[in-house]
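Asker: pasting a predicted model and its sequence here:
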Amino acid sequence: MTAAILLLVLGLGLIVAEIFFPSLGMLAVLATAAVVGAIAMAFQESSTAGVNFLIATAVLVPGVILLGFKLFPKSPFGKKMVAGGLSFESTASLDPRDLVLLDKEGTIESDCRPAGMARLDGRRVDVVTRGEWLAAGTQVKVVEVQGNRVVVTRSETRA
């Protein structure tokens, strides 16, 4: 039984090694052989041990793969392989000043077809309409702010 456990640990280690060191599948083949061998050795011991190894393999192999992919970008090799960029937590593409524009009124500075520029809250802002075309000089009101998208409609008040 000890040999089966060691073979399973070796197989899991080879799975992680395949993630960190691309070997064109050679390490994956060895990992598969080790895991299958561990299950076969466990079934030779007893059918209960074999079933337990199957269950453990079904849980451990995906867990080890997920762990490997989670740790890979933090490794020295992974830092060179994974391109840096904006993450979902990043707010670099957002202008925090846009969040306070909801319900503000302003004037279209360039024709919106349906995207254009408007002067809102004393500054120029890229805006879009909900499909309508608005000419320069039209009074507008901000009805929606989603991320870096500011949606305007024609204002009810006339200047």
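Answerer: Received, thanks.

Asker: okay, now the unreliable bits of the protein?
Answerer: Residue ranges of the chain with pLDDT under 70: 85-93, 157-159.

Asker: downstream neighbour of the longest helix along it in the secondary structure list?
Answerer: The longest helix of the chain (DSSP state H) is helix 47-71. The C-terminal neighbour of helix 47-71 among helices and strands, as given by DSSP states H and E, is helix 76-81.

Asker: show me where the chain has helices.
Answerer: Under DSSP H, the chain gives helices at 2-20, 26-45, 47-71, 76-81.

Asker: and the third one, what's buried?
Answerer: This means helix 47-71. By 16 or more other C-beta atoms under 10 Å, the buried positions in helix 47-71 come out as A49, G50, F53, T57, L60, V61, V64, G68. For glycine as for every other residue, the C-beta is placed from the backbone atoms N, C-alpha and C.

Asker: tell me how many other residues surround L27.
Answerer: By the measure other C-beta atoms under 10 Å, the count of residues near L27 is 19.

Asker: and the gap between L54 and T48?
Answerer: L54 sits 11 Å away from T48, going by C-beta to C-beta, to the nearest Å.

Asker: what does R154 give?
Answerer: Distance of R154 to T48, given as C-beta to C-beta: 74 Å.

Asker: again, but for A17
Answerer: Counting by C-beta to C-beta, the gap from A17 to T48 is 31 Å.

Asker: cool, A34 as well?
Answerer: On the measure of C-beta to C-beta, A34 and T48 end up 21 Å apart.

Asker: cool, and V127?
Answerer: Distance from V127 to T48, by C-beta to C-beta: 68 Å.

Asker: how's the protein carved up into domains?
Answerer: Domains of the chain are assigned by automatic domain parsing as 2-81, 96-154.

Asker: who's in contact with G116?
Answerer: Residues near G116 by C-beta atoms under 8 Å, 6 or more residues apart in numbering: I108, E109, S110, D126, V127, V128, L134.

Asker: and these as CSV, adding distance to M1 and neighbour count?
Answerer: Below are the contacts of G116 laid out as CSV (distance: C-beta to C-beta, whole Å; neighbours: other C-beta atoms under 10 Å):
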residue, distance to M1, neighbour count
I108, 77, 22
E109, 77, 17
S110, 76, 14
D126, 67, 13
V127, 69, 26
V128, 66, 16
L134, 76, 21
